[in-house]
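K.L.:
got a predicted structure here, sequence first:
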Amino acid sequence: MSLLLAMFEGLADPDKNCSRAATVMINSLLKERGAVLQEKVPDIMSIIHSKLEEVDEEHIRKAAQQTVYILAAQHKSVVVSSLLGSPLPFDSHTCTMWRSLATEPTLTSQILEQLLEKVNGDVPYKESKSFPLLGSGSERVATPLPLAPELSVLVKLFPL
């Protein structure tokens, strides 16, 4: 993980050859050892997003999309959860990361299935019992907008 973090720092190198080498190293490391990094995926996703904010090079953006794709191929649910945790409305860097999941049809269909499961599984409210002084019964407490992220993702991945 420390080598991977050092390579992410290399993305901001002013020498394009060095930053390109860092992208190759990152993606190679993740292809070879990414399967053992499941608990680190949310941190890696956050680092990718912050690097996209720092660096506006086209080759960095393309490499970041490849990095997200590699992670998603190994840890679909963690990557989707990380991206769904992004604040709404999605900024352009988060959209870039989502777009990387739509580059390969098999992965795209698996991601879409996950999103549909979330839409069908999440509830818009939870039942909560009221205090005895207020009378018996229950009240509905809203959950944090369970459908908004999924629906906006579907629109961005599959525009009409």
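P.N.:
Received it, and whenever you're ready, just let me know what you need.
K.L.:
just the pLDDT for the spatially most central residue of the chain.
P.N.:
Residue closest to the average C-alpha location in the chain (C-alpha atoms, centre = their mean): Leu83, at 2.6 Å. Predicted confidence (pLDDT) for Leu83: 89.
K.L.:
who touches it in this structure?
P.N.:
Listed by C-beta atoms under 8 Å, 6 or more residues apart in numbering, the contact set of Leu83 reads 45, 94, 97-98, 101, 153. Where C-beta positions appear, they are placed from N, C-alpha and C, glycine not excepted.
K.L.:
make TSV out of those and add distance to Leu3, pLDDT and secondary structure.
P.N.:
Below are the contacts of Leu83 laid out as TSV (distance: C-beta to C-beta, whole Å; pLDDT from 0 to 100; DSSP: H, G, I helix; E, B strand; the rest coil):
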residue	distance to Leu3	pLDDT	secondary structure
Met45	18	95	helix
Thr94	26	90	helix
Met97	22	91	helix
Trp98	27	90	helix
Leu101	26	89	helix
Val153	32	59	helix
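K.L.:
helices along this structure, start to end?
P.N.:
In the chain, the helices defined using DSSP state H lie at 2-10, 16-33, 41-54, 58-74, 76-84, 92-99, 105-121, 148-157.
K.L.:
ok, and what's touching the shortest one?
P.N.:
Put plainly, it is helix 92-99. 45, 48-49, 52-53, 61, 64-65, 68, 83, 86, 90, 153, 156-157.
K.L.:
lowest-confidence stretch among the helices of the chain?
P.N.:
The minimum mean pLDDT among the helices of the chain belongs to helix 148-157 (a mean of 58).
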